[in-house]
Every structure is written in structure tokens, then in C-alpha cells.
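>>> generate coordinates for the sequence data below:
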Amino acid sequence: QVQLVESGGGSVQPGGSLRLSCTASGFTRNTYTFNKYAIQWHRQGPGKERELVAGVSSDGGQTLYADSVKGRFVISRDNTKNTAYLQMNNLKLEDTAVYFCVARRASTDFWGQGTQVTVSS
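As a prediction, this is how the structure comes out:
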């Protein structure tokens, strides 16, 4: 069973930085390997709908970002470590949310359990 585990969340003041990690395991011949999946970070803030924050292609060559985080967040991956990252800089109060890592290939999704990010003064 494929599992994604997020880490690196926490509390930070506005303007601060955090780096989230998403480590995947449990890949088998039937589920393909980590480097065959696009990775996305989604978040859900209090009282808000879940939204896509950033995504990276399976080979790391293409990325996309929500307008709200462009220029502040950077998504990356290391396929040798089965790990993806979300570097978050200049954090704002509105970035407060639970952040989820998703591995996506065709119609298959695997979700992590989420990590809390709280931005407060």
C-alpha cells in the first residue's frame, strides 16, 4: 500500500519560512514507482475549501503554482529519495492550513494525512 507522510509543519510568524517534506513508500510493480507520479501539494484552511497550492511533474521538469503563492513557494522533488518538498517563504496569515501531499498518475491518487501550518503573530 502506497503511503505518503508529510512533515515539517509548525507555527511561524508572518514573513517566516517553513519547508514541508513528503516521503512516499510502499510502491510495488502494480502501483508504479515514485518517479512515475506527479506530486501536488494541496491545503485546506479553517472554514475554507481544499485548494491546489503547487504541483511538480514526475521528472521534476515542470511546476505549477496557485496565484496566491507564486514567488513565495517552491515545489521540488528528489526521486532518489522518494521525497517531495514545498519550500514556503514570506508566509502570510492566510497560508494557515493543513497541507496535504498527493501523488497522482492518471486516475490514481494517493494522499498523505496532512501537516498543520500555522502562521500567526
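>>> tell me the contacts of the most centrally placed residue in the chain?
Centroid check for the chain by CA atoms, centre = their mean gives residue 41 as the closest residue, at 3.0 Å. Shown in contact with residue 41 (CB atoms under 8 Å, 6 or more residues apart in numbering): 20, 22, 52-55, 75, 84, 86, 99-102. Where you see a C-beta, it was placed from the backbone N, CA and C, and this is true even at glycine.
>>> got the buried residues for stretch 64-79?
Buried positions in stretch 64-79, judged by neighbour count with 16 or more other CB atoms under 10 Å: 65, 69, 73, 74, 75, 77, 79.
>>> format these as JSON lines; extra columns: pLDDT, distance to residue 10 and secondary structure.
Shown next, in JSON lines, are the buried residues of stretch 64-79 (pLDDT from 0 to 100; distance: CB to CB, whole Å; DSSP: H, G, I helix; E, B strand; the rest coil):
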{"residue": "65", "pLDDT": "98", "distance to residue 10": "22", "secondary structure": "strand"}
{"residue": "69", "pLDDT": "98", "distance to residue 10": "18", "secondary structure": "coil"}
{"residue": "73", "pLDDT": "98", "distance to residue 10": "16", "secondary structure": "strand"}
{"residue": "74", "pLDDT": "98", "distance to residue 10": "18", "secondary structure": "strand"}
{"residue": "75", "pLDDT": "98", "distance to residue 10": "19", "secondary structure": "strand"}
{"residue": "77", "pLDDT": "98", "distance to residue 10": "21", "secondary structure": "strand"}
{"residue": "79", "pLDDT": "96", "distance to residue 10": "26", "secondary structure": "coil"}
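>>> no further questions, thank you.
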